[in-house]
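**Student:** the following block contains a protein sequence and its predicted model.
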Amino acid sequence: MSRLILTLFLITCGIAHAAPPPKIAWSTSLHVPIYNSPQTSNGRISLTSTQADGPNLFALDAVSGKILWRYDANGAIVIPPTIGGDQVFVASDIGSTHFLRAIDAKTGAPIWQYIRKNPPECMCSQASILSGNLLFAQSDGHSLYAFAPNGAAPSRRLWQFPGNGAALTTPVVADNRVVFGSGDHNLYALDAKTGAVKWTATNGYIFTATPLLDDGIVVIGDQGGNIGGFDLASGKSLWSFIAGAINTAATSRAGCAYLTSADRSVYALNIKSGQRRWQYGMHGYSDYSPVVAGALIIVANRAGELLGLDAQTGTLIWQTELGGTPFSQPIFWPHTNAIVLKIDDHQIGAFDAASGKIRWLYTTKPIVTSPVMNDNSITVATSAGDVVALQ
């Protein structure tokens, strides 16, 4: 079947026609608007609200939806929380004072807080990253901070990396290295415990994509379309490849890195050599990283297409028209072998990972958050304050 015939077939039989709704396992109202995605860990769901007055951090039981506790940060929370062990980490603002707090995940009681006043940098540009025994947080002043949240002095900053005004990508941690790209054209690797710069490297342009760390190699693309492979230990350049601008992180599978590019292509590159295994051209570019689903690579693009590509060859296995624009990173839900993503502002769709066929479509009048996967359900929240578990 030609690609044109396949596309026409799937448009006719796709999401444009009525799709069944999901089963609602439970629904809980928090009575405050929720715009950040829920976060799940240890059978609990944590959510934040942007409202500045009243409780704006919540914990729910993932099985029943029961509200376990509420916490009032006394200031706006604009990013999702980070969950680590028995602590929930959340950033908030009260006027020109900015807080990073650790909350007991079981009880909602505050444990410690870090206060930032001078210079007035908000601790809320991105969600914190917890790796091992260390917590890494970024400020809107483009600095990176490290904390030991379970140490003797958890609120004392271990170290700070000053970004000097350049935006930093989300950091990735492996082998005692904290690796991130910067708007100053450099790729940095810091000692995770001390913050000392171990090495710097560059592709030549601004970095906005999160690095991929795989088998001792850092893979990252820049705004000039240069994709590079660097040795994690030394920063030595191992290979380079030219594509379009890279805005999203690569995904790895079996020694291969998969990337989407502004040239509307999906690339599969050998992680050790940088050799291109295949390239697939799309009708639109993607705002999200490719997703591995068994033997398939799943990509959603701005043309409203959800694609299933053979991971080995790049052959199109299926294509589904979403009937809207993808508004979230697709996620693979192994429990039902489905791909789940947000479509426009008001829909969540689940699609069979093997065929691309629509499983169910959840539609709300309020704005819905990006979906988050639990073992046997998908959790979303809405701007009306409802938290819903879908099956």
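**Tutor:** Received it, and whenever you're ready, just let me know what you need.
**Student:** domain map for this structure?
**Tutor:** Following automatic domain parsing, one gets these domains for the chain: 1-30+288-391, 37-165.
**Student:** is it possible to export those to TSV including distance to I227?
**Tutor:** C-beta here means a position set from N, CA and C on the backbone, and glycine is covered the same way. Output for the domains of the chain, formatted as TSV (distance: least, CB to CB, whole Å):
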stretch	distance to I227
domain 1-30+288-391	14
domain 37-165	23
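**Student:** can you map out the helices along the protein?
**Tutor:** With DSSP state H, the ranges of helices along the chain come out as 3-13.
**Student:** centroid residue for the chain?
**Tutor:** Q329 (6.9 Å; CA atoms, centre = their mean).
**Student:** now that one: how far from Q391?
**Tutor:** As judged by CB to CB, to the nearest Å, Q329 and Q391 stand 21 Å apart.
**Student:** quick one: low-confidence parts of the stretch 101-250 of the chain?
**Tutor:** The model of the stretch 101-250 of the chain has pLDDT under 70 over residues 118-121, 123-125, 141.
**Student:** would you state the strands of it in chain order?
**Tutor:** In the stretch 101-250 of the chain, the strands defined using DSSP state E, counting those that start in this stretch lie at 110-116, 129-131, 134-138, 144-147, 159-161, 172-174, 177-181, 187-191, 197-201, 212-214, 217-221, 226-231, 237-242.
**Student:** now, of those strands, which is deepest in the fold?
**Tutor:** Among these, strand 217-221 has the highest mean neighbour count (mean count of other CB atoms under 10 Å), at a mean of 27.
**Student:** pairing partners for it, with directions?
**Tutor:** With DSSP bridges as the test, strand 217-221 is paired with strand 212-214 (antiparallel), strand 226-231 (antiparallel).
**Student:** of these, which is nearest Y114?
**Tutor:** Among the strands paired with strand 217-221, strand 212-214 comes nearest to Y114, with 26.8 Å by CB to CB.
**Student:** pretty sure the residue nearest to the centre of the chain sits against S289.
**Tutor:** Yes - between Q329 and S289 a contact is recorded at 6.6 Å, counting by CB atoms under 8 Å.
**Student:** save the strands of the stretch 101-250 of the chain as CSV, and put in distance to N376 too.
**Tutor:** Listed next are the strands of the stretch 101-250 of the chain as CSV, based on distance: least, CB to CB, whole Å:
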stretch, distance to N376
strand 110-116, 31
strand 129-131, 25
strand 134-138, 30
strand 144-147, 34
strand 159-161, 40
strand 172-174, 29
strand 177-181, 34
strand 187-191, 39
strand 197-201, 42
strand 212-214, 29
strand 217-221, 33
strand 226-231, 38
strand 237-242, 40
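**Student:** out of the ones you listed, which is closest to I317?
**Tutor:** The nearest among the strands of the stretch 101-250 of the chain, by CB to CB, is strand 212-214 at 23.6 Å.
**Student:** circling back: and the residue nearest to the centre of the chain, what does it touch?
**Tutor:** Y288, S289, V291, L341, S370 (CB atoms under 8 Å, 6 or more residues apart in numbering).
**Student:** how does it look with 7 Å?
**Tutor:** For Q329, the contact set (CB atoms under 7 Å, 6 or more residues apart in numbering) comprises Y288, S289.
**Student:** measure it to I220 for me?
**Tutor:** Taken as CB to CB, the span from Q329 to I220 is 18 Å.
**Student:** hey, what's Q160 bridged with?
**Tutor:** Beta bridges link Q160 to Y145, judged by DSSP bridges.
**Student:** before we move on, the earlier item: which of the strands of the stretch 101-250 of the chain sits closest to Y35?
**Tutor:** strand 134-138 (19.6 Å).
**Student:** what packs against the closest one?
**Tutor:** strand 144-147 (3 or more CB pairs under 7 Å, 6 or more residues apart in numbering; DSSP states H and E).
**Student:** packing partners for the strand it packs on?
**Tutor:** Using 3+ CB pairs under 7 Å, 6+ apart, strand 144-147 sits against strand 134-138, strand 159-161.
**Student:** please produce JSON lines containing these, extended by distance to R277.
**Tutor:** Supplementary listing: the helices and strands packed on strand 144-147 in JSON lines, determined by distance: least, CB to CB, whole Å:
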{"stretch": "strand 134-138", "distance to R277": "33"}
{"stretch": "strand 159-161", "distance to R277": "35"}
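**Student:** who touches stretch 278-288?
**Tutor:** So stretch 278-288 is in contact with 248, 260, 262, 264-268, 299-303, 305, 307, 309, 313-314, 326, 329-330, going by CB under 7 Å, 6+ apart.
**Student:** now stretch 151-158
**Tutor:** Outside stretch 151-158, the residues touching it (CB under 7 Å, 6+ apart) are A102, W112, Q113, Y114, Y145, A146, F147, A148.
**Student:** with those residues in mind, which one is nearest to G54?
**Tutor:** In terms of CB to CB, no member of the contacts of stretch 151-158 lies closer to G54 than Q113, at 19.1 Å.
**Student:** how close does the residue nearest to the closest one when sequence neighbours are not counted sit to S143?
**Tutor:** Nearest non-adjacent residue to Q113, counting by CB to CB, 6 or more residues apart in numbering: R101, 4.5 Å away. According to CB to CB, R101 stands 18 Å off from S143.
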